[in-house]
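J.: have a look at this prediction, sequence included:
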Amino acid sequence: MNEEVWTEDAVDAAGGLDLLLTDAALGVWHRLRPDSSLVRLAGGLARRPRFTVRQTAQLAAQLGRIAAGRSTVAADPRDRRFADPAWTGNPFLRRSVQAYLAAATTAEELVAGAELGWRDDTRLKFLLTNLIAAAAPSNNPLLSPVGWKAVIETGGENTVRGLRNLASDLATSPRVPSMVPAGAFEVGKDLAVTPGGVVHATEVFELIQYQPVTETVHRYPLLIVPPMINKYYIVDLAPGRSMVEFLVGMGHQVFVMSWRNPDARHRDRDLDTYGGALVQALAAVRAISGEAKASVCALCSGGIMTSMVAAHLGVTGQLDQLASLCLGVTVLDQSQSGTAGAFIDEKTAAAAMAVSSARGYLDGRTLAEVFAWLRPDDLIWNYWVNNYLAGRTPPPFDILYWNADVTRLPAALHHDFIRLGLANALVTPGAATMLGSPVDLGKVDVDAYLIAGITDHLCPWESCYRTTQLLGGPAKFVLSTSGHIAAMVNPPTNAKAAFRTVSPGASPADPREFLATATTVPGSWWTDYSDWLAERGGGQRKSPRTLGRKAYPVRSAAPGTYVHDR
């Protein structure tokens with residue numbers, strides 16, 4: 001198994017955790033239990049008896065050919081699970097793979113052929129994906145060539161190491177295979193090392209200002225707002241892979257909010273609490289820079305909250321404080337918003353909110369477990385084989401380390417996000433409020449830059465694209481390569497990087513039309529965004545020699561203290 005390939009796939013599958021809000025409270029197993037979707041599947045197949053009988057007969061015939069050694073069924077050459085030559089060279093292993101692939105294909109065709117609605121179809125595909133992934137012969141310790149070769153090479157020591165790894169992973173949440181060694185990185189030493197200082201702090205957040213490295217800077221500063229349930233340093237990973245480092249190098253004045261990791265004492269912190277924190281941070285950024293405007297770039301749930309704050313600023317006559325708005329992998333219209341949305345209903349939401357109310361918070365570790373089961377091949381079973389069957393330590397990777405460095409979400413904020421999703425409130429003017437103001441995204445008429453990932457299964461790019469029709473100002477939509485987080489960590493040194501976009505102001509209403517007319521641009525969207533931001537940067541000025549101001553003295557060096565909270 002090529003370690004680099006499957007680690008890259010895991011990184012591409014990794015994602016922010018903050019939209020899986022019902023699952024995190026109730027646990028992933030409520031998704032896997034039988035429910036009314038299975039009843040409707042049975043009904044759908046019963047209405048198409050000829051189709052059902054034909055698929056069953058075809059599977060039986062295929063299994064007969066497999067047993068006789070006459071089947072041509074073969075795994076995709078890109079399927080790394082069966083890359084070992086033993087899967088094709090050994091007759092028994094070859095037949096086990098063929099039978100598995102034939103049964104999996106038939107099951108998928110039966111679900112697709114039942115012609116179910118979006119919600120039932122998505123729920124059943126999640127269940128089927130996990131069952132198919134778990135049943136792969138490559139996961140079976142009695143069949144896996146990887147496991148047997150490790151036994152021979154280590155004299156059986158791999159089994160002892162694998163059992164030790166399994167016991168360690170099951171001992172603490174999240175109870176899934178470790179994707180990165182616990183001590184692989186150190187925040188402030190290997191990650192989040194761009195020079196800067198904490199220039200403002202409240203009970204909710206620390207504000208970090210980064211040291212300029214250019215002789216001149218763009219006048220209007222940039223404030224980055226991370227998701228509420230992840231550490232901020234996804235935008236400041238290792239040198240060369242840090243968005244903050246890149247933008248500072250391009251002459252931008254960069255500030256980042258670092259959220260405090262809440263506990264049960266902070267159960268009452270809600271969307272207004274975090275929206276008020278953003279208003280405070282924006283005021284501090286403007287005061288420190290001495291400028292009337294600032295740009296804001298917000299990610300995932302941070303983007304949802306930021307959009308609502310922008311609407312509040314519009315209602316209160318303060319929208320002129322924003323030079324521009326950037327939303328990364330952010331879904332504002334949550335109709336058919338991916339796998340997570342398919343599992344939210346009134347009953348499930350009420351149960352999830354009751355659980356977080358009892359605890360006072362939503363535990364990010366349970367979110368990590370739920371997220372892993374969304375992409376089981378990449379985030380569960382690869383590591384099952386590596387960690388337990390082969391008895392190896394997973395390779396280090398900065399995104400996966402960040403993905404495992406989770407935080408908590410206050411109960412009140414958890415409830416607010418669920419209610420927003422259930423009502424899809426942001427698409428209807430006045431259906432939601434922020435800081436006492438009705439939210440009308442159509443009144444947010446500042447220039448906007450929107451980024452999505454084409455393989456993002458948590459925030460589907462089509463759902464992100466619908467924001468172009470909600471905001472009142474001109475929006476540039478950029479469709480990046482990769483998934484939820486890999487799309488955001490997109491340094492110019494990435495030779496595979498590319499993005500699709502259309503001319504400014506030419507965004508059609510239908511995302512399919514966008515895809516048909518968009519131009520593919522080689523390279524990273526970071527460079528494109530930097531240029532776009534510079535055009536709205538208010539011109540150039542001499543770089544400030546010191547961080548902060550008299551009213552905002554430097555309290556500590558970046559990355560601050562909140563990022564270390566556990």
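T.: That came through fine.
J.: count of neighbours near the closest residue to E157 other than its chain neighbours?
T.: Leaving aside its sequence neighbours, E157 sits nearest to G391 (Cβ to Cβ, 6 or more residues apart in numbering; 6.9 Å). Using the backbone N, CA and C atoms, a C-beta is placed for each residue, glycine as well. By other Cβ atoms under 10 Å, 22 other residues sit near G391.
J.: list the helices and strands the host helix or strand of F246 packs on?
T.: Using DSSP states H and E, F246 maps to helix 243-249. Using 3 or more Cβ pairs under 8 Å, 6 or more residues apart in numbering; DSSP states H and E as the contact test, the elements touching helix 243-249 are strand 222-225, strand 254-259, helix 525-535.
J.: specify the stretch among these that is closest to V199.
T.: Nearest to V199 among these is strand 254-259 (8.0 Å), distances taken as Cβ to Cβ.
J.: so for the closest one, mean pLDDT?
T.: Computed over strand 254-259, the mean pLDDT rounds to 98.
J.: ditto for stretch 67-82
T.: Mean predicted lDDT for stretch 67-82 stands at 93.
J.: repeat for stretch 378-392
T.: 91.
J.: list the buried residues for it?
T.: 378-392 (16 or more other Cβ atoms under 10 Å).
J.: how about the helix or strand hosting I152: buried residues?
T.: Assigned by DSSP H and E, I152 belongs to helix 145-154. Of all the residues in helix 145-154, those buried under the rule 16+ other Cβ under 10 Å are 145-148, 150-151.
J.: now do that helix: everything it contacts.
T.: Contact with helix 145-154 is made by 1, 84, 86-87, 93, 138, 141, 158-159, 161, 385, 389-392, as judged by Cβ atoms under 8 Å, 6 or more residues apart in numbering.
J.: neighbouring contacts of the helix or strand following it?
T.: Using DSSP H and E, the helix or strand that directly follows helix 145-154 along the chain is helix 157-171. Here helix 157-171 makes contact (Cβ under 8 Å, 6+ apart) with 147, 150-151, 154, 175-178, 387-392.
J.: that older thread, quick one: the helices and strands packed on helix 243-249 as a markdown table, columns for distance to A448 too.
T.: Formatted as a markdown table, the helices and strands packed on helix 243-249 follow (distance: least, Cβ to Cβ, whole Å):
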| stretch | distance to A448 |
| --- | --- |
| strand 222-225 | 14 |
| strand 254-259 | 19 |
| helix 525-535 | 10 |
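J.: turn these into CSV, including mean neighbour count and distance to F126.
T.: As requested, the helices and strands packed on helix 243-249 are arranged in CSV below (neighbours: other Cβ atoms under 10 Å; distance: least, Cβ to Cβ, whole Å):
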stretch, mean neighbour count, distance to F126
strand 222-225, 27, 30
strand 254-259, 26, 29
helix 525-535, 19, 30
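J.: phi first, then psi, for P212.
T.: For P212, the backbone dihedrals are phi -60, psi 150 (criterion: degrees, to the nearest 10).
J.: need the contact list for it.
T.: By Cβ under 8 Å, 6+ apart, P212 lies in contact with 248, 251, 253, 543-544.
J.: so how far is R555 from it?
T.: 19 Å (Cβ to Cβ, to the nearest Å).
J.: what pLDDT does I132 get?
T.: 93.
J.: work out the gap between the helix or strand containing it and the centre of the chain.
T.: Assigned by DSSP H and E, I132 belongs to helix 118-135. Centre-to-centre, helix 118-135 and its host chain are 20 Å apart (Cα atoms, centre = their mean, to the nearest Å).
J.: how about it: buried residues?
T.: 119-130, 132-133.
J.: closest to L191 among those residues?
T.: Distances from L191 to the buried residues of helix 118-135, taken by Cβ to Cβ, are shortest for A133, at 30.3 Å.
J.: that closest one against W381, yeah?
T.: Yes: counting by Cβ atoms under 8 Å, W381 is a contact partner of A133 at 5.7 Å.
J.: how far off centre is stretch 407-418?
T.: Its chain's average C-alpha position is 17 Å from that of stretch 407-418, according to Cα atoms, centre = their mean.
J.: oh sorry, the question was meant for stretch 96-107
T.: 30 Å.
J.: tell me the buried residues in that stretch?
T.: Buried-residue list, stretch 96-107, by 16+ other Cβ under 10 Å: 96-102, 104-107.
J.: inside helices: which ones of those?
T.: The helices, defined by DSSP state H, take in 96-102, 104-107 from the buried residues of stretch 96-107.
J.: quick one: the helices in the stretch 301-450 of the chain?
T.: Secondary structure of the stretch 301-450 of the chain, counting by DSSP state H, counting those that start in this stretch: helices at 301-315, 339-342, 346-359, 364-374, 376, 382-383, 398-404, 411-423.
J.: put together a markdown table for the ones you listed, with distance to V198 on each row.
T.: Formatted as a markdown table, those follow (distance: least, Cβ to Cβ, whole Å):
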| stretch | distance to V198 |
| --- | --- |
| helix 301-315 | 19 |
| helix 339-342 | 33 |
| helix 346-359 | 29 |
| helix 364-374 | 23 |
| helix 376 | 39 |
| helix 382-383 | 36 |
| helix 398-404 | 20 |
| helix 411-423 | 23 |
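J.: least confident of the ones you listed, on average?
T.: helix 339-342 (a mean of 49).
J.: what sits against the closest residue in space to Y449 that isn't next to it in sequence?
T.: Take Y449 and drop its neighbours on the chain: the residue closest to it by Cβ to Cβ, 6+ apart is C326, 4.4 Å away. With contacts defined as Cβ under 8 Å, 6+ apart, C326 is in contact with 295-298, 448-451, 529, 533.
J.: against G303, how distant is C326?
T.: 9 Å.
J.: how about A61?
T.: Taking Cβ to Cβ, one finds A61 at 51 Å from G303.
J.: now do L223
T.: Counting by Cβ to Cβ, the gap from L223 to G303 is 13 Å.
J.: before we move on, what about D320?
T.: D320 is 21 Å from G303, by Cβ to Cβ.
J.: and stretch 313-322, how far from the chain's centre?
T.: 30 Å.
J.: buried residues, it. List them.
T.: Here stretch 313-322 shows 313-315, 319, 321-322 as buried, counting by 16+ other Cβ under 10 Å.
J.: ok, stretch 237-248 next?
T.: Those would be 237-238, 241-248, for stretch 237-248 by 16+ other Cβ under 10 Å.
J.: how about JSON lines for those residues, with pLDDT added?
T.: Formatted as JSON lines, the buried residues of stretch 237-248 follow (pLDDT from 0 to 100):
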{"residue": "L237", "pLDDT": "95"}
{"residue": "A238", "pLDDT": "94"}
{"residue": "R241", "pLDDT": "95"}
{"residue": "S242", "pLDDT": "97"}
{"residue": "M243", "pLDDT": "98"}
{"residue": "V244", "pLDDT": "98"}
{"residue": "E245", "pLDDT": "98"}
{"residue": "F246", "pLDDT": "98"}
{"residue": "L247", "pLDDT": "98"}
{"residue": "V248", "pLDDT": "98"}
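J.: thinking again about what came up before, so which elements touch the helix holding I132?
T.: Counting by 3+ Cβ pairs under 8 Å, 6+ apart, helix 118-135 packs on helix 29-32, helix 36-46, helix 91-113, helix 339-342, helix 376.
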